[in-house]
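>>> model the following, please.
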Amino acid sequence: MGISISGLGSGLDTAQIISDLMTLERQPYIRLETSKKNLQSEKSIFQSINTKLNTLKTAVSDLLLNANFNLVSGKSTNEGVVKLKTAEGASTGNYNIAVTQLAQSHSVKSGEVDTGGTDLLNKTFEITYGGSTIKIETNQLASGSKNAEALEYIKNQINSQNTGLTAAVVSVSDTKKVLVLTSKETGEQNKMVLSGTGGILLGGDALGALGITNVGPKGAGSNTIQDAADAKLTVSGVSITRSSNTISDVIDGVTLELVAAGSSQVTVARDMDKVAEKIDAFVKAYNDVVNTVRNNLSKPADATKMNPLQGDSVLKTISNELYNLFTSATNLTDGYKMMAEIGLEIDKGITKGSLMTGTITFDKEKFKEAFSKDPNAVIDLFKHNENGIMKAMDNRLQEWTSSVNGLITSKIKGYDSEIGMIDDRMEAMDNRLQLKYEQLKKQFTAMEVALSGLKSQQSWLTSQLASLTALTQANKG
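Below you'll find the model as predicted:
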């Protein structure tokens, strides 16, 4: 670290003088910093516009899909019997549904077990279900265990394995408990089978340690809580049997959720509101782009100021072409030719230029009326291969937003190049300023040292002259 001598010989604040000189020297550097900030600000505006254009491109792409003009919804007249969910492209129509039986899971119980007894200990139980076998050996329990601990152990062993069964222990009195087994899945194909060396034998004639003796047809054995059963129903007179109460393979694109036995009429129809939502998403995305572009092109309210992108050629191109694409009449020979005919209009009802915003007004009711009258004509207006307005707009948006050579990408790359050159100039200038600072420090230090030496000589000469004067006066006396 160098030694700084400030005002030692001159009495001046040389450190402040150097700082002031460097402030003047740094003015070109500060101007570069300002230019860089301005470029970064403009670049961020184009990045924001690129994001908004991509959102618009997504909305436009949605309107090029047939499925989005065939959105449907379903309704059940009796949701206490059947509920439904519809997917895109679901088969429309009216269906009479009669549910005669719900699908059920299989559920069996043990006999009442004395929790203080020991007859469940040192036994081997096997449960075969869905191709898997659970083997449970109660000789793993600690010494002194009772039936209560054995029941919990059996339950936990069943629940810890992914076999499609669940187990629960239910208290029926202070000293009696029951083990309940239930299949997770419904349907006759999910019926369980139990066997074992400890006397557990379903379908056999032995009482067994758990008192399970029969799980035959419902009501045939005291151990059956609920027999496995398939769902049975008719759809418009056609008999259907399924293992689950959730049925998605009967009506294309429709999932039926059976709730109870009974009847209901199900209607699946095109949902005009859902179609209008897709149009509304496009309108919002379009207006967002237009507002952002126009705000950056327009003059500020303060006449002494100027938008940095005011008059930018790229923004003008986007503004003008979006307007022309949307308002142009198609060459379609039949049906609708302009968006205004189906309820989408730019600056609707505005005649004064200063009040025009370039944004779309969406009359949903007019759109739904036009769509109901001639859906194919509306679809052609949007997506006809040659003349569709959305088709043309999609092509142009692809050109603007391409991540390789798109209009906006090229603009952003241009900013990156300019900012990079400024960074290089700032780095070089900063090195020169540092050298200048060191040079000024050396020069002022040398000056102070020289002035200090001169002052020392002056003091010596002054003292010598004073001595001579005194000696001369003494000799005269």
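
>>> with adjacent residues omitted, what lies nearest to Q265?
Using C-beta to C-beta, 6 or more residues apart in numbering and skipping the chain neighbours, the partner closest in space to Q265 is T77 (4.6 Å). No exception for glycine: its C-beta is placed from N, CA and C like everyone else's.

>>> what of I379?
Distance criterion C-beta to C-beta, 6+ apart; nearest residue to I379, sequence neighbours excluded, is F69 at 5.2 Å.

>>> next, count neighbours for that neighbour.
Per other C-beta atoms under 10 Å, the neighbour tally for F69 reads 21.

>>> quick one: contacts for it?
F69 sits next to 275, 375, 378-379, 382 when contact means C-beta atoms under 8 Å, 6 or more residues apart in numbering.

>>> just to be sure, which of the residues you listed are found in helices?
275, 375, 378-379, 382 (DSSP state H).

>>> export those residues as CSV, with columns for distance to L344 and pLDDT.
Below are the ones in helices among the contacts of F69 laid out as CSV (distance: C-beta to C-beta, whole Å; pLDDT from 0 to 100):
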residue, distance to L344, pLDDT
V275, 13, 92
P375, 16, 90
V378, 11, 90
I379, 14, 89
F382, 10, 87
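
>>> where in this protein is pLDDT low?
1-11, 128, 130, 193-222, 303-304, 333, 386, 477 (pLDDT under 70).

>>> ok, longest strand in it?
strand 176-186 (DSSP state E).

>>> so how far is it off the chain centroid?
Centroid separation between strand 176-186 and its chain, computed with C-alpha atoms, centre = their mean, to the nearest Å, is 41 Å.

>>> which other helices and strands does it contact?
On a contact count with 3 or more C-beta pairs under 8 Å, 6 or more residues apart in numbering; DSSP states H and E, strand 176-186 meets strand 105-109, strand 113-114, helix 147-159, strand 165-171.

>>> most tightly surrounded among these?
strand 105-109 (a mean of 22; mean count of other C-beta atoms under 10 Å).

>>> now for the helices and strands packed on strand 176-186, which one comes closest to I30?
helix 147-159 (72.3 Å; C-beta to C-beta).

>>> okay, now the closest residue to A229 other than its chain neighbours: neighbour count?
In space, and not counting its chain neighbours, A229 is closest to Q104: 4.2 Å by C-beta to C-beta, 6+ apart. Look at Q104: counted by other C-beta under 10 Å, it has 19 neighbours.

>>> what sits against Q104?
186, 226-229.

>>> quick one: which two of the residues you listed are the most distant?
The span of those, defined through C-beta to C-beta, is set by T186 and D227 at 11.2 Å.

>>> can I assume the residue nearest to Q265 is in contact with S264?
Yes: taking contacts as C-beta atoms under 8 Å, T77 lies within contact range of S264: 5.3 Å.

>>> more crowded one of those two?
A direct count of neighbours by other C-beta under 10 Å for T77 and S264 places S264 higher, at 21 against 13.

>>> leaving out sequence neighbours, find the closest residue to the more buried one.
Per C-beta to C-beta, 6+ apart, closest to S264 is N78, 3.7 Å.

>>> what about the one you found, which SS state?
The three-state assignment at N78 reads coil, by DSSP: H, G, I helix; E, B strand; the rest coil.

>>> which among the contacts of Q104 end up buried?
Buried members of the contacts of Q104, counted by 16 or more other C-beta atoms under 10 Å: 186, 227-229.

>>> switch those over to TSV; also include distance to T445 and secondary structure.
Formatted as TSV, these follow (distance: C-beta to C-beta, whole Å; DSSP: H, G, I helix; E, B strand; the rest coil):
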residue	distance to T445	secondary structure
T186	94	strand
D227	104	coil
A228	100	coil
A229	102	strand
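
>>> where do the helices sit along the stretch 301-450 of the chain?
Secondary structure of the stretch 301-450 of the chain by DSSP state H, counting those that start in this stretch: the helices cover 313-327, 364-373, 375-383, 389-401, 407-476.

>>> of all these, which one is nearest A142?
Of the helices of the stretch 301-450 of the chain, nearest to A142 by C-beta to C-beta is helix 389-401, at 69.7 Å.

>>> now the closest one - C-alpha only, PDB.
What follows is helix 389-401, C-alpha atoms only, in PDB (Å, rounded to 0.1, in the frame of the first residue of the first chain):
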ATOM      1  CA  ILE A 389     -57.600 -15.700 -39.700                       C
ATOM      2  CA  MET A 390     -56.000 -17.700 -36.800                       C
ATOM      3  CA  LYS A 391     -54.000 -19.800 -39.300                       C
ATOM      4  CA  ALA A 392     -52.500 -16.600 -40.800                       C
ATOM      5  CA  MET A 393     -51.900 -15.100 -37.300                       C
ATOM      6  CA  ASP A 394     -50.200 -18.300 -36.100                       C
ATOM      7  CA  ASN A 395     -47.800 -18.300 -39.000                       C
ATOM      8  CA  ARG A 396     -46.800 -14.700 -38.300                       C
ATOM      9  CA  LEU A 397     -46.400 -15.300 -34.500                       C
ATOM     10  CA  GLN A 398     -44.100 -18.300 -35.300                       C
ATOM     11  CA  GLU A 399     -41.900 -15.900 -37.300                       C
ATOM     12  CA  TRP A 400     -41.900 -13.300 -34.500                       C
ATOM     13  CA  THR A 401     -41.200 -15.600 -31.600                       C
END
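
>>> and that helix, what does it pack against?
Applying 3+ C-beta pairs under 8 Å, 6+ apart, one finds that helix 389-401 contacts helix 27-62, helix 313-327, helix 375-383, helix 407-476.

>>> one more time with 10 Å, if that's ok
Under the contact criterion of 3 or more C-beta pairs under 10 Å, 6 or more residues apart in numbering; DSSP states H and E, helix 389-401 touches helix 27-62, helix 272-297, helix 313-327, helix 375-383, helix 407-476.

>>> could I get those helices in a markdown table, plus columns for distance to A87 and mean neighbour count?
Shown next, in a markdown table, are the helices and strands packed on helix 389-401 (distance: least, C-beta to C-beta, whole Å; neighbours: other C-beta atoms under 10 Å):
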| stretch | distance to A87 | mean neighbour count |
| --- | --- | --- |
| helix 27-62 | 16 | 16 |
| helix 272-297 | 12 | 18 |
| helix 313-327 | 31 | 16 |
| helix 375-383 | 20 | 19 |
| helix 407-476 | 36 | 13 |
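
>>> let me have the ones you listed in TSV, extended by distance to N159.
Below are these laid out as TSV (distance: least, C-beta to C-beta, whole Å):
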stretch	distance to N159
helix 27-62	46
helix 272-297	43
helix 313-327	61
helix 375-383	54
helix 407-476	57
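
>>> show me the one of these that comes nearest V170.
Using C-beta to C-beta, the nearest of those to V170 is helix 272-297, at 47.5 Å.
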